[in-house]
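Asker: Any chance you can model this:
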Amino acid sequence: MVNGETGLENAPSETLTLPVYVESMNTATKYPHISIRLVGEDGNAFSILARCTEAMKRNGLRDEVEAFFSEATSDDYGHLLRTVMAWFSVDEDDEDENPYACPNGCGEKYAVGGCPACGDEDY
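Answerer: Now for the predicted structure:
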């Protein structure tokens with residue numbers, strides 16, 4: 001090949017058409033009222049699946065768990081994440097948000113049993 005030739009200059013035009021694989025994207029979230037936190041949580045696939053299925057059960061969707069699990073596990077990790085985002089609202093990263101902050105706003109980490117600083121009991 002000389003000077004940037006690709007070797008396809010004399011090929012019939014139909015051989016230059018490459019198949020395009022585009023995964024259909026459904027922009028509507030199936031259950032937008034269910035929020036799954038991905039950022040700042042365990043990113044292991046099984047942990048993500050557990051959080052999703054637990055949220056579904058808490059929201060009365062036990063009959064949908066098998067369909068979700070089957071779809072989410074039908075391909076690779078990227079497909080799992082796309083499935084989660086298609087089914088649920090996904091929390092965005094908010095650097096100012098501390099999911100373990102005391103609900104009274106004292107600034108302390110809220111642990112099991114309550115806040116050590118202000119004495120608020122576990123809710």
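
Asker: L38 looks like it's in a strand, true?
Answerer: No: using DSSP: H, G, I helix; E, B strand; the rest coil, the secondary structure at L38 is coil, not a strand.

Asker: If you drop the residues flanking it in sequence, what lies closest to it?
Answerer: Excluding the flanking residues, the one nearest L38 by C-beta to C-beta, 6 or more residues apart in numbering is V90, at 5.5 Å. The C-beta positions use only the backbone N, C-alpha and C, and glycine is treated the same way.

Asker: The one you found: what's it in contact with?
Answerer: S35, I36, R37, L38, V84 (C-beta atoms under 8 Å, 6 or more residues apart in numbering).

Asker: Distance of the fourth one relative to A45?
Answerer: With distances defined as C-beta to C-beta, to the nearest Å, the gap from L38 to A45 amounts to 12 Å.

Asker: the more surrounded of these two?
Answerer: L38 (17 against 14; other C-beta atoms under 10 Å).
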